[in-house]
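[1] When you get a sec, could you give me coordinates for this:
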Amino acid sequence: MDDEEFAAALAALPADRFADRELSWLAFNQRVLELADDEQRIPLLERARFLAIFSSNLDEYYMVRVAGLKRRIAAGVAVAGRSGLLPRELHDAILTRTAELVAEQARIFQDEVRPAMAAEGIQILPWSDLTDPEKAAMRRLFAERIFPVLTPLAVDPSHPFPYISGLSVNLAVLLKNPHTGARQFARVKVPTILPRFLDLGGTRFVAIEDVIARHLDQIFGGMQVLEWTTFRVTRNEDLEVEEDDAENLLFALEKELLRRKVGRPPVRLEVQEDTDPAILELLASELDISEREIFTVPAPLDLRGLFTLADIDREDLKYPAFLPSTHPHLAEVETARPADMFAALKQRDVLLHHPYDSFATSVQRFVEQAAADPHVLAIKQTLYRTSGDSPIIDALVEAAQAGKQVLALVEIKARFDEQANIRWARTLEEAGVHVVYGVMGLKTHCKLSMVVREEPDGLRRYAHIGTGNYNPKTARLYEDMGLLTSNPVVTEDVARLFNHLSGMTQETRYRRLLVAPHGIRTGLIDLIRGEIDHHRAGRPAGIRIKVNSAVDEDVLDALYVASQQGVPVDLWVRGICTLRPQVPGLSDNVRVRSILGRFLEHSRLFAFTGGGRPVVGIGSADLMHRNLDRRVEVLTSISNKAHVAEIEALFAQAFAEDTVAWHLDADGLWTAHTTAADGSPLVDMQQHLIGAKSKRRAK
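    Numbers count the residues shown, from 1 in each chain. Sure, this is the predicted structure:
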């Protein structure tokens, strides 16, 4: 298909071909909620965890996406999105759908999960159901640990309505002066120094706000408590830094993080059921929030607290224990000591699949061995998100202190991790690591590590290119892939990219890498067009892509055209998908699947049939504008035939009819497929992979 014909096909695509991305995200969170509602497949405490994940997801969605939408409305922007919805129409649709989902979450918790937990002896009790000894223990805890840190704030002519910090749980209290009869409002913020659900002993718990509420007479001595309720505010928490105006990006971020703590407008108010109308009216007025932005739910608010309960020691109510194994090609070179990573990578490339393959004995070991090896001269590393006790950070510090050249490209603008990343940047700088913050105007999201080693035949480079962050904690929970290699073509590309990021070279062309913002979108579209040509010529053709989100219109339009030309297209999407599959004449040849479960599917994979010569790759980029236009991202092709087969097998299993998955239809509805026609359970792909890796380890 030549350029003119391709352009004509794009121009002929219908205007209503895209679903709305914000509503598609809510559909993703609905799938999370459906896991919490699945008593047949999901263990009880994992269902509680999915309820907490749903709440956490929705918080971030409102803090960022809905906040941004409200900014556009406030600015008078009346431009419809690609779905055709105007900002106000979209906001109304979001509020309607959120109300439905929040009500469903409350039903699942109150009617299903909470009673099921109680039947197992795990109880969240109201104060009235505590035993006398338990009440006595909570009174002591209140006197010793809670009361001293409370700061009750009254509202009267001399005390203005207080600033309510985002996501905090608060008590709104209506008081009466017994002498004057005057009524007064007060707010008590629930402290975070103690768990949200206080342990009464065993597996009995009480919400901390319930304990505070039962002691309001002590907090407001001499006043009569008329009413009390709990409420929670969500605010705009997105980070905004104008880099071009900032001489020092680190200083600008620190300043913005301070500004973020105040002055952020509310985007949502959650209140407890049966809240006194006078309290509700006051909250709505003072917070300047509309009636539709108020969500009334049963106590307790903020079910993120269920994370704590999901972690209690009841292994019989959780997923079976799982121990990641060392990849066989790394285990082969293990002796009494840990594997020699460099000896292994001289023999072959290693394709890692986390969490099934151990992060600690592969990627982490790669960096740690490089830090300790006297023959290693330099280490270069990107850091987007990492844990508070990161062995990767420790290894980089150790390497710098040993005199090696160490470069850390720290992305301090990683949303909600900015403060932690600033601290690590300072720590690394103080240890002698060369710390840079990437390219102005772009987030560095690619996952790269490179080691330069002195060997008998000269300098040799080793590299890791991944789909996930260098975070040992999330590596046990996130599904990701990574390539460890000493291939000189790949490592040369990685070296040139690091030089571009640290030295501001103008290099944008690479041999085995596609690099955003210059090359990934155009590279993928070229590959899609290549599949069209293969299909027209009668050669094998097909496109399979796995991403977290599929939003970028240019790439999706190319997929629409490929489908119209008869090329089979499979999209494996965890979250947002604005492409509409199975639309007659438009996307008849497109299938979209979503897999959610024990592990968060996070890898980005690309497989093009290539006329019988497959082009397969992994990388860090989703099909989103921010990834392809405003981030440094990397995709690398895979050359090893066994690795190509492994990735193709993953796609085959994900799209098999006997695999548990959600199927997307032309109307934007996701339908869960968990059982066969005869009622027998389908295959849980993640559990299947756990079993397959365990068998591999046994051999």
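[2] SS state for the residue sitting furthest away from the middle of the chain?
    Distance from the C-alpha centroid of the chain peaks at His179, with 54.0 Å (CA atoms, centre = their mean). Reduced to three states with DSSP: H, G, I helix; E, B strand; the rest coil, the structure at His179 is coil.
[3] Let me see the contact set for it.
    With contact taken as CB atoms under 8 Å, 6 or more residues apart in numbering, His179 is in contact with no other residue. Quick note: C-beta positions are derived from backbone N, CA and C, even for glycine.
[4] Equivalent analysis for Ile108, please.
    Applying CB under 8 Å, 6+ apart as the definition, the contact partners of Ile108 turn out to be Leu33, Ala36, Asp37, Arg47, Leu51.
[5] Low-confidence stretches in this structure?
    Of all residues in the chain, those with pLDDT under 70 make up the ranges 238-263, 332-338, 385-389, 412-421, 438, 504-507, 694-699.
[6] What are the structural domain limits within it?
    What the record gives for the chain is the domain set 21-317, 328-504, 515-698, from automatic domain parsing.
[7] How about the secondary structure of Ala284?
    helix.
[8] ok so, going back, I'd like the domains of the chain as TSV, with distance to Leu13 appended.
    Written out in TSV, the entries for the domains of the chain read as follows (distance: least, CB to CB, whole Å):
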stretch	distance to Leu13
domain 21-317	12
domain 328-504	29
domain 515-698	6
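[9] how about these, which one is nearest Met1?
    Closest approach to Met1 among the domains of the chain is made by domain 515-698 (5.0 Å; CB to CB).
[10] that older thread, identify whichever of the domains of the chain lies nearest to Asp3.
    In terms of CB to CB, the element of the domains of the chain nearest to Asp3 is domain 515-698, at 9.2 Å.
[11] just how off-centre is that closest one within its chain?
    19 Å (CA atoms, centre = their mean, to the nearest Å).
[12] begin at 30 from here
    With the count now opening at 30, the last piece we talked about shows up as domain 544-727.
[13] in the stretch 30-179 of the chain, which spans are strands?
    Assigned by DSSP state E, counting those that start in this stretch, the strands in the stretch 30-179 of the chain fall at 152-154.
[14] For Ile151, give its distance to Thr258.
    Using CB to CB, to the nearest Å, Ile151 is found at 26 Å from Thr258.
[15] Please disregard the earlier target; I meant Gly548.
    In this structure, Gly548 and Thr258 are separated by 55 Å, where distance is defined by CB to CB.
[16] between those two, who's got more neighbours?
    Between Gly548 and Thr258, counting by other CB atoms under 10 Å, Thr258 is the more crowded of the two (22 against 19).
[17] so which strand or helix has the more buried one?
    strand 253-264 (DSSP states H and E).
[18] ok, and for that strand, which residues are buried?
    For strand 253-264, the neighbour count (16 or more other CB atoms under 10 Å) marks Glu256, Trp257, Thr258, Thr259, Phe260, Arg261, Val262, Thr263, Arg264 as buried.
[19] Please tell me how far Arg660 sits from Glu686.
    If you go by CB to CB, the gap between Arg660 and Glu686 works out to 36 Å.
[20] now the strands: where do they sit in the stretch 230-379 of the chain?
    So, for the stretch 230-379 of the chain - with DSSP E, counting those that start in this stretch - the strands run 233-236, 253-264, 295-301, 323-326, 379-383.
[21] ok, the last one: who's next to it in the sheet?
    Read it as strand 379-383. When pairing is defined by DSSP bridges, strand 379-383 lines up against strand 507-514 (antiparallel).
[22] go on, the third one?
    Each strand that pairs with strand 295-301, with its direction, by DSSP bridges: strand 253-264 (antiparallel), strand 323-326 (parallel).
[23] to the chain's geometric centre, what's the distance from the last one?
    Looking back up the chat, that one is strand 323-326. 25 Å.
[24] Over to stretch 159-173?
    Put simply, stretch 159-173 sits 38 Å off its chain's centre (CA atoms, centre = their mean).
[25] now swap in stretch 204-212 and tell me
    Averaged C-alpha coordinates place stretch 204-212 at 49 Å from its chain's average position (CA atoms, centre = their mean).
[26] Show the end-to-end separation of that stretch, please.
    End-to-end distance of stretch 204-212 (CA to CA, to the nearest Å): 6 Å.
[27] in it, what's buried?
    Within stretch 204-212, the residues that qualify as buried are Leu204, counting by 16+ other CB under 10 Å.
[28] how about JSON lines for the contacts of Ile137, with distance to Ser709 added?
    Formatted as JSON lines, those follow (distance: CB to CB, whole Å):
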{"residue": "Leu62", "distance to Ser709": "25"}
{"residue": "Ala65", "distance to Ser709": "23"}
{"residue": "Asp66", "distance to Ser709": "20"}
{"residue": "Arg76", "distance to Ser709": "22"}
{"residue": "Leu80", "distance to Ser709": "28"}
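[29] Which of the residues you listed fall in helices?
    Counting by DSSP state H, the part of these found in helices is Leu62, Ala65, Arg76, Leu80.
[30] For the residues you listed, which single residue is the most surrounded?
    Highest neighbour count within the ones in helices among the contacts of Ile137, by other CB under 10 Å: Leu80, with 28 neighbours.
[31] My read is that it contacts Ala135, right?
    No. Counting by CB atoms under 8 Å, Ala135 is not a contact partner of Leu80; they are 9.8 Å apart.
[32] More neighbours: which of Arg660 and Glu686?
    Neighbours per residue (other CB under 10 Å) separate Arg660 from Glu686, with Arg660 holding more: 24 against 9.
[33] Identify the bridge partners of the more buried one.
    Partner residues in beta bridges with Arg660: Lys472, with DSSP bridges as the criterion.
[34] So it is in contact with Pro546, correct?
    Yes. Under the criterion of CB under 8 Å, Arg660 lies in contact with Pro546, with a separation of 7.0 Å.
[35] Now for the two: what residues contact both?
    Common neighbours of Arg660 and Pro546, using CB under 8 Å, 6+ apart, are Leu471.
[36] Quick one: classify the closest residue to Ala701 other than its chain neighbours as helix, strand or coil.
    For Ala701, ignoring the flanking residues on the chain, the nearest one in space by CB to CB, 6 or more residues apart in numbering is Trp691 at 5.3 Å. Taking three-state DSSP as the rule, one finds Trp691 in the strand state.
[37] Would you indicate which residues of the helix or strand hosting Leu203 are buried?
    Using DSSP H and E, Leu203 maps to strand 198-205. Using 16+ other CB under 10 Å as the test for burial, strand 198-205 gives Val198, Asn199, Leu200, Ala201, Val202, Leu203, Leu204.
[38] now do stretch 679-697
    Burial within stretch 679-697, assessed by neighbour count using 16+ other CB under 10 Å, is assigned to Leu679, Phe680, Gln682, Ala683, Phe684, Thr688, Val689, Ala690, Trp691, His692, Leu693, Gly697.
[39] Could I get those residues in TSV, plus columns for distance to Val598?
    Output for the buried residues of stretch 679-697, formatted as TSV (distance: CB to CB, whole Å):
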residue	distance to Val598
Leu679	17
Phe680	12
Gln682	18
Ala683	14
Phe684	11
Thr688	18
Val689	22
Ala690	16
Trp691	17
His692	14
Leu693	13
Gly697	17
